[in-house]
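>>> whatever this is, show me its structure:
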Amino acid sequence: MQPTPLWSESNQTSTDPETELSLGGTISRIVFHNDQTGWTVLNVEIAEDADATAVGVMLAPTSGESVRLTGTWQTHQRYGRQFRFTTYELLRPTTGEGIKRYLSGPLVEGIGPKLAEALVEKFGDRTLTILDEAPERLQEVSGIGPQRAEALTTSWQRHRQMHGVMIFLRQHGIGAALATRIYNRYGPQAVELIEQQPYRLAREIRGIGFATADNIARSVGIPRDDPQRRQAALLHVLAGASDNGHFFLPRGELLRRAAHLLGLDEQLLELSLGELEAQEEVQIDSSDEQVAVYLPEMLAAERDVARRLSAVADDFAQAAPERGQIEQWLERRTSLGELPLTEEQQDALKKALRSGLSVITGGPGTGKTTIIRALAEACASLGRRVALASPTGRAAKRLEQMTGREASTIHRLLSYDPYQHRFRHGPGHPLPVDTLVVDEASMLDVLLARDLLQALAPGTQLVLIGDADQLPSVGPGNLLRDLVESGAVSVCHLTTIHRQQAGSLLVQNAHRINRGEGPYLPTGKQWQGEDCVFVEEEDPENAGRRVVKMVAEKLPKLDFSPDDIQVITPLHRGPIGVRALNAALQEQLNPPQPTRAQVKRGETVFRTGDRVLQTVNNYDKSVYNGDIGRIAAIDVEGEVLRVGFDQGEVGYEVNELDELELAYALTIHKSQGSEYPAVVIVIHSSHYIMLQRNLLYTALTRAEQMACLVGNRRGIYKAINTASERRRYTRLQQRLRGELTEQDA
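As a prediction, the model looks like this:
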């Protein structure tokens, strides 16, 4: 029988699945509950002999609890009609029968059906009041002595604290998913902590920023001129700078940004910065003319990486092969009929083999993969254990295919231990390798480089290979460029475009753009089958439609399936940003169907078959920022959806879906380190703020066989003529050159 819902405001049903309604009832059965994420499947008794299935996030649900849920009715292809709730309110039972069921569940340890019946028989509908206000009276019930009464009281109080925290958080506008994270982090002390130090939420709880913490602070009565608000703003600005690639901010810039955020005078923030320094929550480095303000962990990381890079460069001297050994290997290689290395490639190979730390950099078609293959062969011939790695899964897979040797992501090479919450390889347990080659090193940020360097045994050789002219890493720093420009390590620049690539318009245009020259972009009838084409469209809305048509119709006619094609664009927002393009491409390539399950998180709808991007490192799941997979299944019981990645399937619950984004379209930054058979590049003057030469250069070099640019010429030439990069604040170069006085971190 189809259940008839009892609405709190009216008893009328709605046929609109998106209309939010209120559903009241009593939890009759907990089908599934995850303690960590709060994801819950409930049977709710909403009328006599009528139950409904409800799914959503709830903290510690208990059979017998009365609830009021707010959400929408949805029909699941496997489980049928369900009420998906977004908020909930717990209502205490008021009748003896309701209280009996309430206490019979797992709510209070030690109370089962028999004891619950005895309590209700003794105290009636005042049972819960007795537990709250006079727990000593529990001993009036036969079979409850002092010790048992104390245990029951403790369990009951823990339950009250938990739900008290949830009520408090809901009153301050925090939804169930975030509230679950907060309670899991702080436990019963959450209310006290939030009332006294609400700004800690912005630093310690993923999904809460300064603005949310600031609103909570207002609601709990913390004044706008409170010193902790000023300190929190300074720390927020520094953390945001790290997210944007900086290791520090100059003192003046930090004060200006924080003053603008708060609407306060910079002089007030000077005092707060001094307080943070005294509390060791920031560190100020005045080792040159510019006063730099660091978060302590960022300064420690920068110093540690500089020291370890210098050590790698210095410790290899005794293990370096003799020149004669290298020459003999090159002669044997030639005698076996291998493709001869050019003089430039031989020079790069010899430098790398004889250096503890070396960098090989060059643009597309200059033979970097050939060098990696030859380097691995030479090391094996010389009796050295060699490992190949790359920052992303796609890059590692491509490296493996191109070299015929096993390759790994850096994260998997270091082997994360989910029980110890750290990498297995590190100080005291180094990697069992003699030579480590890292490809796509422009993507390697300084924090991951620190973990990698800590895992190298003394005397291990490190070779970094990449294109220093590409965009810097998403994470902090500009490691490859800093190493190249420091003059402190061996660097070889590959410049010769090899014969097999010389005829490629794609490769030629990439080098033209990198030199600041205009590319040759055939369009319309001019196009004669080249591997680079331009679709000119001034109107952004029309450009978005042209992108979808290119992916769904035009490129498939050239034997590129939609799975071979990646759309990349500079920005998230706007009609030709990532969000709009993902929605349009999803509608075209993976539209809703009765047999295709879907789940909504925020504004994003995820469907079975969707291509998705992992946006944060999740060490417990062994998936990392930038990994791309495909949704294999969606299920409301247990894990909400399963995603197939190269390393296998991974489950996600509803509270974890903010780690995923649709990946039909990516930002150019997110595409870095990966190559795709065909790439559709959006480049338009409406993205003016992002247009730079290295952005367009990076975008074009993502294509293996075909690049289609969609946009206008003004956008292309704005990018080419903007060669100056946004500076990243880091002192790694100076530290590598020994120009700064180092201190113990």
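>>> just the helices in the stretch 101-250 of the chain please.
113-123, 127-133, 146-171, 176-186, 190-196, 200-204, 210-219, 227-243 (DSSP state H, counting those that start in this stretch).
>>> ok, and what's touching the fourth one?
Contacts of helix 176-186 with the rest of the structure, by CB atoms under 8 Å, 6 or more residues apart in numbering, involve 36-38, 56-59, 86-88, 162, 165-166, 169-170, 174, 190, 193-194, 201, 204-208, 654-655. C-beta here means a position set from N, CA and C on the backbone, and glycine is covered the same way.
>>> tell me the contacts of Y199?
Taking CB under 8 Å, 6+ apart as the test, what Y199 contacts is 210, 213-214, 217, 228-229, 231-232.
>>> could I get the helices of the stretch 101-250 of the chain in a markdown table, plus columns for distance to V67?
Shown next, in a markdown table, are those (distance: least, CB to CB, whole Å):
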| stretch | distance to V67 |
| --- | --- |
| helix 113-123 | 19 |
| helix 127-133 | 16 |
| helix 146-171 | 11 |
| helix 176-186 | 12 |
| helix 190-196 | 21 |
| helix 200-204 | 26 |
| helix 210-219 | 25 |
| helix 227-243 | 35 |
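>>> okay, now K525: neighbour count?
If you count neighbours by other CB atoms under 10 Å, K525 ends up with 6.
>>> looking at this, it is in a helix?
Yes. Note on K525: a helix contains this position according to DSSP: H, G, I helix; E, B strand; the rest coil.
>>> do you know how far it is from T392?
Distance, K525 to T392, by CB to CB, to the nearest Å: 38 Å.
>>> tell me where the stretch 351-500 of the chain has strands.
Listed in chain order, the strands of the stretch 351-500 of the chain (DSSP state E, counting those that start in this stretch) span 357-362, 386-390, 407-409, 416-417, 422-423, 435-438, 461-466, 490-494.
>>> which one of these is the most hemmed in?
Across those, averaging neighbours per residue (mean count of other CB atoms under 10 Å) puts strand 461-466 on top, at a mean of 27.
>>> run the angle between it and strand 357-362 for me.
Inter-element angle recorded for strand 461-466 and strand 357-362: 20 degrees (by axes from the mean of the first three to the mean of the last three CA atoms, to 10 degrees).
>>> for strand 461-466, packing partners?
Judged by 3 or more CB pairs under 8 Å, 6 or more residues apart in numbering; DSSP states H and E, strand 461-466 is in contact with strand 357-362, helix 368-381, strand 435-438, helix 479-486.
>>> any stretches of the stretch 401-550 of the chain with poor pLDDT?
Residue ranges of the stretch 401-550 of the chain with pLDDT under 70: 499-502.
>>> one more time with 50, if that's ok
499 (pLDDT under 50).
>>> so which residues of it form helices?
Under the criterion DSSP H, counting those that start in this stretch, the stretch 401-550 of the chain contains helices at 410-414, 446-454, 479-486, 499-502, 505-514, 540-549.
>>> show me which positions of the third one end up buried.
Within helix 479-486, the residues scored as buried using 16 or more other CB atoms under 10 Å are 479-484, 486.
>>> Throw these into CSV and include distance to L261, thanks.
Listed next are the buried residues of helix 479-486 as CSV, based on distance: CB to CB, whole Å:
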residue, distance to L261
L479, 29
L480, 32
R481, 30
D482, 29
L483, 34
V484, 35
S486, 34
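>>> which one of the residues you listed sits closest to Y102?
Ranked by distance to Y102 (CB to CB), the buried residues of helix 479-486 are led by L479 at 58.2 Å.
>>> tell me who's in contact with that closest one.
By CB under 8 Å, 6+ apart, the contact set of L479 is 305, 441, 444-446, 449, 473, 732.
>>> between those residues, which is nearest H511?
Each of the contacts of L479 was scored against H511 by CB to CB, and A441 proved nearest at 19.8 Å.
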